[in-house]
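Chemist: Show me the folded form of this:
(one chain, ligands or ions: 1)
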Amino acid sequence: MLYKLSSITFFLILFFSNYQVLPSGFVYPNSHFQDTSIVEKYGNLSVSGTHIVDQNGNTVSLRGMSLFWSQFMGRFYNADCVKWLKDDWKCTVVRAAMGIESGGYLEYPQVEINKVRTVIDACINAGIYVIVDWHDHNAQNHQSQAIEFFKQIAQLYGNYPNIIYEIYNEPTQVSWANVVKPYSIAVIDSIRKIDPDNLILVGSPTWSQDVDVASLNPIDRTNIAYTLHFYAATHKQPLRNKGVTAMNNGIALFVSEWGTCEATGSGVLDYAEVETWLNFMETHKISWCNWSVCDKNETSAALKPGADSNGVWPSSILSPSGILVRDKTIFYNDSTTTDVGSTDQPNNFQLYQNYPNPFNPSTTIEYKLANSGNVKIDVYDMRGCKINTLVNNFQSSGKHLVSWNGKSDTGQSIASGVYFLNLSFQNYNQYKKAILIN
Ligand code: MG
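Modeler: Numbers count the residues shown, from 1 in each chain. As a prediction, this is how the structure comes out:
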(Lines give C-alpha, C1' and ligand atoms only; values in the text may rest on other atoms or scores of the structure.)
Protein backbone atom coordinates (compact mmCIF):
# COMPACT_ATOMS: atom_id res chain seq x y z
CA MET A 1 0.00 0.00 0.00
CA LEU A 2 2.82 2.33 0.86
CA TYR A 3 4.41 1.73 -2.54
CA LYS A 4 1.13 2.30 -4.36
CA LEU A 5 0.46 5.52 -2.52
CA SER A 6 3.84 6.97 -3.28
CA SER A 7 3.58 5.81 -6.86
CA ILE A 8 0.24 7.53 -7.40
CA THR A 9 1.47 10.68 -5.68
CA PHE A 10 4.47 10.72 -7.94
CA PHE A 11 2.28 10.23 -11.00
CA LEU A 12 -0.01 13.08 -10.00
CA ILE A 13 2.89 15.43 -9.33
CA LEU A 14 4.45 14.51 -12.65
CA PHE A 15 1.39 15.02 -14.81
CA PHE A 16 -0.63 17.73 -13.08
CA SER A 17 1.93 20.16 -11.73
CA ASN A 18 3.31 21.62 -14.97
CA TYR A 19 6.58 20.12 -13.82
CA GLN A 20 7.16 22.91 -11.34
CA VAL A 21 7.47 20.55 -8.36
CA LEU A 22 9.48 17.42 -8.79
CA PRO A 23 10.41 14.65 -6.39
CA SER A 24 14.03 14.52 -5.32
CA GLY A 25 16.18 12.45 -7.61
CA PHE A 26 14.35 13.79 -10.64
CA VAL A 27 16.73 15.92 -12.63
CA TYR A 28 16.15 17.90 -15.79
CA PRO A 29 19.51 19.21 -16.94
CA ASN A 30 19.51 21.24 -20.16
CA SER A 31 15.75 21.41 -20.37
CA HIS A 32 13.09 24.01 -20.00
CA PHE A 33 9.89 23.72 -18.05
CA GLN A 34 6.60 24.10 -19.82
CA ASP A 35 5.85 27.64 -18.71
CA THR A 36 9.37 29.00 -18.40
CA SER A 37 11.39 29.93 -21.45
CA ILE A 38 15.00 28.83 -21.74
CA VAL A 39 16.14 32.47 -21.56
CA GLU A 40 14.10 33.06 -18.39
CA LYS A 41 15.70 29.96 -16.94
CA TYR A 42 19.32 30.55 -18.00
CA GLY A 43 19.38 34.37 -18.18
CA ASN A 44 22.65 36.06 -19.08
CA LEU A 45 25.21 33.64 -20.43
CA SER A 46 28.88 34.01 -19.69
CA VAL A 47 32.11 32.10 -20.13
CA SER A 48 33.68 30.40 -17.13
CA GLY A 49 36.89 28.57 -17.98
CA THR A 50 36.13 26.31 -20.92
CA HIS A 51 32.36 26.35 -20.44
CA ILE A 52 29.37 28.55 -21.11
CA VAL A 53 27.41 29.06 -17.92
CA ASP A 54 24.01 30.48 -17.02
CA GLN A 55 23.10 33.24 -14.56
CA ASN A 56 23.59 30.81 -11.66
CA GLY A 57 26.97 29.61 -12.84
CA ASN A 58 25.69 26.24 -14.10
CA THR A 59 27.20 24.89 -17.33
CA VAL A 60 24.68 24.95 -20.17
CA SER A 61 24.42 23.64 -23.73
CA LEU A 62 22.29 25.31 -26.37
CA ARG A 63 21.20 23.27 -29.40
CA GLY A 64 19.42 24.61 -32.42
CA MET A 65 19.48 25.56 -36.07
CA SER A 66 21.34 28.03 -38.25
CA LEU A 67 19.40 29.78 -40.96
CA PHE A 68 21.01 29.83 -44.43
CA TRP A 69 22.74 32.93 -45.89
CA SER A 70 20.22 35.77 -45.49
CA GLN A 71 20.62 37.17 -49.02
CA PHE A 72 19.81 33.78 -50.59
CA MET A 73 17.18 32.34 -48.21
CA GLY A 74 15.73 35.44 -46.60
CA ARG A 75 12.24 34.00 -46.83
CA PHE A 76 12.96 31.86 -43.74
CA TYR A 77 13.88 34.97 -41.70
CA ASN A 78 10.40 35.37 -40.25
CA ALA A 79 8.71 35.07 -36.85
CA ASP A 80 6.55 32.04 -37.70
CA CYS A 81 9.60 30.06 -38.83
CA VAL A 82 11.45 30.91 -35.60
CA LYS A 83 8.40 29.98 -33.53
CA TRP A 84 8.14 26.62 -35.31
CA LEU A 85 11.83 25.91 -34.68
CA LYS A 86 11.25 26.61 -31.00
CA ASP A 87 7.88 24.85 -30.57
CA ASP A 88 8.27 21.83 -32.87
CA TRP A 89 12.05 21.35 -33.11
CA LYS A 90 12.62 22.45 -29.48
CA CYS A 91 15.51 24.66 -30.59
CA THR A 92 16.92 26.76 -27.77
CA VAL A 93 19.00 28.89 -30.14
CA VAL A 94 18.62 30.10 -33.74
CA ARG A 95 21.46 31.59 -35.77
CA ALA A 96 20.81 34.44 -38.21
CA ALA A 97 23.58 34.11 -40.83
CA MET A 98 23.69 37.57 -42.38
CA GLY A 99 25.45 37.37 -45.74
CA ILE A 100 28.00 40.14 -46.27
CA GLU A 101 29.44 39.69 -49.77
CA SER A 102 27.67 38.32 -52.88
CA GLY A 103 24.67 40.63 -52.78
CA GLY A 104 24.45 40.78 -49.00
CA TYR A 105 24.93 43.48 -46.36
CA LEU A 106 27.68 45.41 -48.18
CA GLU A 107 25.29 46.16 -51.04
CA TYR A 108 21.97 46.20 -49.22
CA PRO A 109 22.63 46.99 -45.55
CA GLN A 110 19.10 48.02 -44.64
CA VAL A 111 17.51 45.02 -46.34
CA GLU A 112 19.77 42.58 -44.54
CA ILE A 113 19.69 44.24 -41.12
CA ASN A 114 15.90 44.21 -41.29
CA LYS A 115 15.92 40.44 -41.85
CA VAL A 116 18.24 39.93 -38.90
CA ARG A 117 16.15 42.20 -36.67
CA THR A 118 13.03 40.20 -37.57
CA VAL A 119 14.76 37.03 -36.37
CA ILE A 120 16.14 38.71 -33.22
CA ASP A 121 12.69 40.07 -32.29
CA ALA A 122 11.13 36.65 -32.94
CA CYS A 123 13.72 34.90 -30.73
CA ILE A 124 13.15 37.43 -27.93
CA ASN A 125 9.40 36.81 -28.18
CA ALA A 126 9.92 33.04 -28.24
CA GLY A 127 12.28 33.16 -25.24
CA ILE A 128 15.23 31.53 -27.00
CA TYR A 129 18.80 32.64 -27.73
CA VAL A 130 19.80 34.15 -31.07
CA ILE A 131 23.23 34.27 -32.72
CA VAL A 132 23.78 37.40 -34.80
CA ASP A 133 26.33 36.10 -37.30
CA TRP A 134 28.53 38.27 -39.56
CA HIS A 135 28.52 35.58 -42.25
CA ASP A 136 31.69 36.50 -44.06
CA HIS A 137 34.89 34.80 -45.28
CA ASN A 138 36.81 38.09 -45.61
CA ALA A 139 35.71 40.15 -42.62
CA GLN A 140 39.14 41.73 -42.17
CA ASN A 141 38.38 43.64 -45.38
CA HIS A 142 35.05 44.85 -43.97
CA GLN A 143 36.06 45.76 -40.43
CA SER A 144 34.53 49.25 -40.38
CA GLN A 145 31.21 47.91 -41.70
CA ALA A 146 31.24 45.12 -39.11
CA ILE A 147 31.89 47.59 -36.31
CA GLU A 148 29.07 49.84 -37.51
CA PHE A 149 26.67 46.90 -37.73
CA PHE A 150 27.48 45.42 -34.32
CA LYS A 151 27.29 48.85 -32.67
CA GLN A 152 23.72 49.14 -33.96
CA ILE A 153 22.82 45.66 -32.72
CA ALA A 154 24.43 46.31 -29.31
CA GLN A 155 22.55 49.60 -28.93
CA LEU A 156 19.23 48.01 -29.86
CA TYR A 157 19.57 44.67 -28.10
CA GLY A 158 22.59 44.69 -25.75
CA ASN A 159 20.31 44.64 -22.71
CA TYR A 160 18.61 41.40 -23.80
CA PRO A 161 20.16 38.18 -22.49
CA ASN A 162 19.05 36.50 -25.76
CA ILE A 163 21.76 38.07 -27.91
CA ILE A 164 24.98 36.26 -28.89
CA TYR A 165 27.32 38.08 -31.26
CA GLU A 166 29.28 36.04 -33.84
CA ILE A 167 31.68 38.52 -35.37
CA TYR A 168 33.45 36.46 -38.04
CA ASN A 169 31.84 33.32 -39.45
CA GLU A 170 34.72 31.59 -41.19
CA PRO A 171 38.10 33.17 -41.90
CA THR A 172 39.92 31.30 -44.67
CA GLN A 173 43.61 30.43 -44.62
CA VAL A 174 44.81 33.69 -43.08
CA SER A 175 46.94 34.43 -40.01
CA TRP A 176 45.33 34.24 -36.58
CA ALA A 177 47.89 36.56 -34.97
CA ASN A 178 48.05 39.16 -37.74
CA VAL A 179 44.59 39.09 -39.28
CA VAL A 180 41.78 37.41 -37.34
CA LYS A 181 42.84 38.34 -33.81
CA PRO A 182 43.35 42.10 -34.45
CA TYR A 183 40.05 42.26 -36.35
CA SER A 184 38.29 40.45 -33.48
CA ILE A 185 39.71 42.74 -30.81
CA ALA A 186 38.64 45.85 -32.74
CA VAL A 187 35.07 44.57 -33.12
CA ILE A 188 34.86 43.24 -29.55
CA ASP A 189 36.04 46.54 -28.08
CA SER A 190 33.44 48.45 -30.12
CA ILE A 191 30.67 46.15 -28.86
CA ARG A 192 31.91 46.29 -25.27
CA LYS A 193 31.66 50.10 -25.15
CA ILE A 194 27.90 49.62 -25.52
CA ASP A 195 27.20 46.09 -24.26
CA PRO A 196 29.63 45.09 -21.51
CA ASP A 197 28.57 41.51 -21.03
CA ASN A 198 26.79 39.42 -23.72
CA LEU A 199 28.57 36.41 -25.16
CA ILE A 200 30.77 37.06 -28.24
CA LEU A 201 31.85 34.25 -30.59
CA VAL A 202 35.04 34.59 -32.62
CA GLY A 203 36.18 32.58 -35.63
CA SER A 204 39.58 31.12 -36.38
CA PRO A 205 41.57 30.43 -39.57
CA THR A 206 40.78 27.53 -41.91
CA TRP A 207 36.99 28.00 -41.79
CA SER A 208 36.90 28.13 -37.97
CA GLN A 209 38.86 24.95 -37.44
CA ASP A 210 42.14 26.33 -36.04
CA VAL A 211 40.88 26.73 -32.49
CA ASP A 212 44.10 25.11 -31.28
CA VAL A 213 46.11 27.93 -32.88
CA ALA A 214 43.83 30.56 -31.32
CA SER A 215 44.10 28.85 -27.92
CA LEU A 216 47.87 29.43 -27.83
CA ASN A 217 47.37 33.17 -28.30
CA PRO A 218 43.87 33.89 -26.96
CA ILE A 219 42.00 37.17 -26.86
CA ASP A 220 42.33 38.90 -23.50
CA ARG A 221 38.68 39.87 -23.07
CA THR A 222 35.77 38.44 -21.02
CA ASN A 223 32.86 36.30 -22.22
CA ILE A 224 34.56 35.20 -25.43
CA ALA A 225 34.01 31.75 -26.94
CA TYR A 226 35.63 30.35 -30.09
CA THR A 227 33.64 28.78 -32.89
CA LEU A 228 34.53 25.28 -34.07
CA HIS A 229 32.87 24.36 -37.38
CA PHE A 230 32.66 20.86 -38.83
CA TYR A 231 30.99 18.84 -41.58
CA ALA A 232 30.71 15.27 -40.33
CA ALA A 233 31.57 13.40 -43.54
CA THR A 234 34.77 15.46 -44.00
CA HIS A 235 36.01 16.52 -40.55
CA LYS A 236 36.55 13.71 -38.08
CA GLN A 237 38.84 12.73 -35.19
CA PRO A 238 41.74 15.04 -36.18
CA LEU A 239 39.42 18.05 -35.85
CA ARG A 240 38.03 16.79 -32.53
CA ASN A 241 41.64 16.49 -31.38
CA LYS A 242 42.19 20.17 -32.24
CA GLY A 243 39.12 20.99 -30.16
CA VAL A 244 40.45 19.01 -27.19
CA THR A 245 43.81 20.79 -27.48
CA ALA A 246 42.04 24.16 -27.47
CA MET A 247 39.98 23.26 -24.39
CA ASN A 248 43.07 21.91 -22.62
CA ASN A 249 44.64 25.30 -23.30
CA GLY A 250 41.71 26.91 -21.53
CA ILE A 251 39.35 28.39 -24.15
CA ALA A 252 35.61 27.77 -24.51
CA LEU A 253 34.20 26.40 -27.78
CA PHE A 254 30.84 26.90 -29.49
CA VAL A 255 29.91 24.90 -32.61
CA SER A 256 27.87 27.67 -34.25
CA GLU A 257 27.75 25.71 -37.51
CA TRP A 258 27.95 22.00 -38.33
CA GLY A 259 26.65 19.82 -41.11
CA THR A 260 25.66 16.17 -41.32
CA CYS A 261 27.45 15.81 -44.67
CA GLU A 262 30.58 16.87 -46.58
CA ALA A 263 32.26 20.28 -46.28
CA THR A 264 30.68 21.31 -49.57
CA GLY A 265 27.32 21.29 -47.76
CA SER A 266 26.29 18.29 -49.82
CA GLY A 267 27.43 14.74 -50.63
CA VAL A 268 26.98 11.80 -48.28
CA LEU A 269 25.12 12.07 -44.98
CA ASP A 270 27.43 10.43 -42.43
CA TYR A 271 25.13 9.03 -39.72
CA ALA A 272 27.90 7.31 -37.76
CA GLU A 273 30.16 10.36 -37.64
CA VAL A 274 27.24 12.60 -36.66
CA GLU A 275 26.70 10.33 -33.62
CA THR A 276 30.39 10.56 -32.73
CA TRP A 277 30.35 14.36 -33.00
CA LEU A 278 27.14 14.70 -30.98
CA ASN A 279 28.59 12.52 -28.24
CA PHE A 280 31.75 14.65 -28.31
CA MET A 281 29.77 17.88 -27.98
CA GLU A 282 27.59 16.50 -25.19
CA THR A 283 30.60 15.16 -23.31
CA HIS A 284 32.31 18.55 -23.43
CA LYS A 285 29.09 20.59 -22.99
CA ILE A 286 29.59 22.38 -26.31
CA SER A 287 26.58 24.25 -27.70
CA TRP A 288 25.67 23.83 -31.37
CA CYS A 289 23.68 25.03 -34.37
CA ASN A 290 23.14 22.79 -37.37
CA TRP A 291 23.48 24.13 -40.93
CA SER A 292 20.85 24.84 -42.21
CA VAL A 293 17.22 25.91 -42.44
CA CYS A 294 16.76 26.11 -46.20
CA ASP A 295 15.23 24.15 -49.06
CA LYS A 296 18.21 24.17 -51.40
CA ASN A 297 18.81 20.89 -53.20
CA GLU A 298 21.81 19.83 -51.07
CA THR A 299 22.35 17.32 -48.26
CA SER A 300 22.80 19.84 -45.44
CA ALA A 301 19.48 21.55 -46.19
CA ALA A 302 16.93 20.57 -43.54
CA LEU A 303 14.03 21.00 -45.94
CA LYS A 304 13.10 19.59 -49.32
CA PRO A 305 12.61 22.07 -52.19
CA GLY A 306 9.34 23.97 -51.95
CA ALA A 307 9.01 23.93 -48.15
CA ASP A 308 6.81 26.64 -46.67
CA SER A 309 8.64 29.76 -45.42
CA ASN A 310 6.67 29.86 -42.18
CA GLY A 311 7.35 26.48 -40.56
CA VAL A 312 4.52 23.98 -39.88
CA TRP A 313 6.59 21.45 -41.80
CA PRO A 314 5.21 17.88 -41.95
CA SER A 315 7.90 15.19 -41.80
CA SER A 316 7.33 14.55 -45.52
CA ILE A 317 8.91 17.95 -46.36
CA LEU A 318 11.96 17.36 -44.11
CA SER A 319 15.14 16.07 -45.77
CA PRO A 320 16.97 13.07 -44.25
CA SER A 321 19.29 15.59 -42.56
CA GLY A 322 16.32 17.57 -41.28
CA ILE A 323 14.68 14.44 -39.86
CA LEU A 324 17.90 13.41 -38.13
CA VAL A 325 18.70 16.84 -36.67
CA ARG A 326 15.13 17.51 -35.55
CA ASP A 327 15.22 14.20 -33.66
CA LYS A 328 18.46 15.33 -32.01
CA THR A 329 17.29 18.79 -30.96
CA ILE A 330 14.13 17.24 -29.49
CA PHE A 331 16.08 14.47 -27.82
CA TYR A 332 18.56 16.75 -26.11
CA ASN A 333 16.44 19.85 -25.45
CA ASP A 334 12.99 18.56 -24.55
CA SER A 335 12.19 16.77 -21.34
CA THR A 336 8.45 17.35 -21.23
CA THR A 337 7.44 14.35 -23.32
CA THR A 338 8.38 10.71 -23.63
CA ASP A 339 7.87 10.83 -27.40
CA VAL A 340 11.30 11.54 -28.84
CA GLY A 341 11.44 12.93 -32.33
CA SER A 342 9.68 11.81 -35.46
CA THR A 343 8.80 8.24 -36.33
CA ASP A 344 10.36 8.53 -39.77
CA GLN A 345 13.48 6.43 -40.07
CA PRO A 346 15.85 6.30 -43.00
CA ASN A 347 16.50 2.65 -42.16
CA ASN A 348 14.09 -0.20 -41.74
CA PHE A 349 13.39 -0.39 -38.05
CA GLN A 350 11.09 1.00 -35.39
CA LEU A 351 11.49 1.30 -31.64
CA TYR A 352 8.12 1.56 -29.87
CA GLN A 353 7.34 3.29 -26.59
CA ASN A 354 8.06 0.94 -23.69
CA TYR A 355 5.15 -0.28 -21.57
CA PRO A 356 4.17 0.25 -18.87
CA ASN A 357 5.64 3.73 -18.61
CA PRO A 358 6.17 5.03 -15.94
CA PHE A 359 7.12 1.61 -14.58
CA ASN A 360 8.10 -0.45 -11.56
CA PRO A 361 9.66 -2.92 -11.32
CA SER A 362 10.06 -3.79 -15.03
CA THR A 363 9.04 -2.59 -18.48
CA THR A 364 8.74 -4.18 -21.92
CA ILE A 365 10.44 -2.76 -25.00
CA GLU A 366 9.12 -3.72 -28.43
CA TYR A 367 10.86 -3.08 -31.74
CA LYS A 368 10.55 -4.15 -35.34
CA LEU A 369 13.28 -4.85 -37.90
CA ALA A 370 12.52 -4.96 -41.63
CA ASN A 371 15.74 -6.85 -42.28
CA SER A 372 18.28 -8.74 -40.24
CA GLY A 373 21.36 -7.20 -38.69
CA ASN A 374 23.26 -6.29 -35.54
CA VAL A 375 21.02 -4.66 -32.95
CA LYS A 376 22.05 -2.85 -29.80
CA ILE A 377 19.74 -1.46 -27.12
CA ASP A 378 21.38 0.57 -24.37
CA VAL A 379 19.93 2.41 -21.41
CA TYR A 380 21.38 5.81 -20.52
CA ASP A 381 20.70 8.17 -17.65
CA MET A 382 20.05 11.90 -18.03
CA ARG A 383 23.77 12.66 -17.83
CA GLY A 384 24.49 10.37 -20.76
CA CYS A 385 26.07 7.60 -18.64
CA LYS A 386 25.35 4.09 -19.86
CA ILE A 387 23.34 2.14 -17.26
CA ASN A 388 22.73 -1.17 -18.98
CA THR A 389 22.91 -2.98 -22.34
CA LEU A 390 19.74 -4.99 -23.00
CA VAL A 391 20.43 -6.31 -26.52
CA ASN A 392 23.69 -6.67 -28.42
CA ASN A 393 23.58 -9.34 -31.12
CA PHE A 394 22.58 -10.28 -34.65
CA GLN A 395 18.82 -10.64 -35.04
CA SER A 396 16.41 -11.64 -37.78
CA SER A 397 13.74 -9.41 -39.25
CA GLY A 398 10.36 -9.08 -37.51
CA LYS A 399 9.06 -8.01 -34.13
CA HIS A 400 11.15 -8.47 -31.00
CA LEU A 401 10.58 -7.94 -27.29
CA VAL A 402 13.01 -7.32 -24.49
CA SER A 403 12.30 -6.38 -20.89
CA TRP A 404 14.30 -4.15 -18.55
CA ASN A 405 14.18 -4.76 -14.82
CA GLY A 406 15.01 -1.16 -13.93
CA LYS A 407 18.49 -2.11 -12.74
CA SER A 408 22.05 -1.44 -13.85
CA ASP A 409 24.12 -4.00 -15.76
CA THR A 410 25.61 -5.15 -12.43
CA GLY A 411 22.12 -5.74 -11.02
CA GLN A 412 22.11 -2.69 -8.78
CA SER A 413 18.97 -0.68 -8.11
CA ILE A 414 18.97 2.81 -9.58
CA ALA A 415 17.21 6.04 -8.68
CA SER A 416 13.76 7.14 -9.86
CA GLY A 417 13.92 9.30 -12.93
CA VAL A 418 14.01 9.54 -16.70
CA TYR A 419 16.18 7.07 -18.62
CA PHE A 420 16.84 6.85 -22.36
CA LEU A 421 16.38 3.65 -24.34
CA ASN A 422 18.66 3.80 -27.37
CA LEU A 423 18.25 1.33 -30.23
CA SER A 424 21.17 1.32 -32.70
CA PHE A 425 20.73 -0.40 -36.04
CA GLN A 426 22.73 0.05 -39.24
CA ASN A 427 24.35 3.33 -38.19
CA TYR A 428 21.11 4.90 -37.05
CA ASN A 429 19.63 5.45 -33.62
CA GLN A 430 16.19 5.85 -32.17
CA TYR A 431 15.37 6.81 -28.59
CA LYS A 432 12.52 6.57 -26.15
CA LYS A 433 12.29 7.93 -22.65
CA ALA A 434 11.47 5.47 -19.89
CA ILE A 435 10.39 6.72 -16.46
CA LEU A 436 11.32 4.55 -13.46
CA ILE A 437 9.38 5.01 -10.21
CA ASN A 438 10.85 3.47 -7.07
MG1 MG B 1 24.29 42.98 -22.34
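
Chemist: Where does pLDDT dip in this structure?
Modeler: Scanning the chain for pLDDT under 70 picks out the ranges 1-35, 335-348.

Chemist: The closest residue to residue 57 other than its chain neighbours bridge partners, please.
Modeler: Spatially, and ignoring its direct neighbours in sequence, residue 57 is nearest to residue 48 (6.8 Å; Cβ to Cβ, 6 or more residues apart in numbering). From N, CA and C alone the C-beta is placed, and that goes for glycine too. Residues in a beta bridge with residue 48, per DSSP bridges, are residue 51.

Chemist: before we move on, what about residue 404?
Modeler: Beta-bridge partners of residue 404, as defined by DSSP bridges: residue 363.

Chemist: Which element, helix or strand, includes residue 196?
Modeler: Residue 196 belongs to no helix or strand when assigned by DSSP states H and E.

Chemist: again with residue 105
Modeler: Assigned by DSSP H and E, residue 105 falls outside every helix and strand.

Chemist: Can you report how many residues neighbour it?
Modeler: Using other Cβ atoms under 10 Å, residue 105 is surrounded by 25 other residues.

Chemist: ok, now which ones touch it?
Modeler: Residues near residue 105 by Cβ atoms under 8 Å, 6 or more residues apart in numbering: 71, 98-99, 112-113, 145, 149.

Chemist: distance of it from the ion?
Modeler: Computed as Cβ to the ion, to the nearest Å, the residue 105 to the ion distance reads 23 Å.

Chemist: what's the answer for residue 381, then?
Modeler: Computed as Cβ to the ion, the residue 381 to the ion distance reads 35 Å.

Chemist: That residue and residue 422 touch, don't they?
Modeler: No: at 11.6 Å, residue 381 does not count as touching residue 422 under the criterion of Cβ atoms under 8 Å.

Chemist: quick one: contacts for residue 121?
Modeler: residue 79.

Chemist: So residue 393 sits against residue 375, correct?
Modeler: Yes: if you go by Cβ under 8 Å, residue 393 and residue 375 touch, sitting 6.9 Å apart.

Chemist: Compare neighbour counts for these two and give me the winner.
Modeler: Taking other Cβ under 10 Å, residue 393 and residue 375 do not tie; residue 375 has more neighbours (20 against 7).

Chemist: so what's that one bridging to?
Modeler: Going by DSSP bridges, residue 375 forms beta bridges with residue 393, residue 425.

Chemist: Residue 206 should be in a helix, yeah?
Modeler: Yes: assignment of residue 206 by DSSP: H, G, I helix; E, B strand; the rest coil places it within a helix.

Chemist: Just the ones of the contacts of residue 105 in strands?
Modeler: The strands, defined by DSSP state E, take in 98-99 from the contacts of residue 105.

Chemist: Need the contacts of residue 105 in a markdown table (columns: neighbour count and distance to residue 292).
Modeler: Putting those into a markdown table (neighbours: other Cβ atoms under 10 Å; distance: Cβ to Cβ, whole Å) gives the following:
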| residue | neighbour count | distance to residue 292 |
| --- | --- | --- |
| 71 | 21 | 14 |
| 98 | 28 | 13 |
| 99 | 25 | 12 |
| 112 | 25 | 17 |
| 113 | 19 | 20 |
| 145 | 16 | 23 |
| 149 | 23 | 21 |
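
Chemist: Of the contacts of residue 105, just say which sits nearest to the ion.
Modeler: Nearest to the ion among the contacts of residue 105: residue 149, at 16.7 Å, using Cβ to the ion.

Chemist: May I ask you to confirm that the closest one is in contact with residue 136?
Modeler: No: checked against Cβ under 8 Å, the pair residue 149 and residue 136 is beyond contact range at 10.6 Å.

Chemist: Give me the neighbour count for the residue nearest to residue 57.
Modeler: Other residues within reach of residue 48, judged by other Cβ under 10 Å, total 12.

Chemist: again, but for the one 5 residues further on
Modeler: Neighbourhood size, residue 53 [other Cβ under 10 Å]: 18.

Chemist: just residue 297 next, same as before
Modeler: Neighbours around residue 297, by other Cβ under 10 Å: 10.
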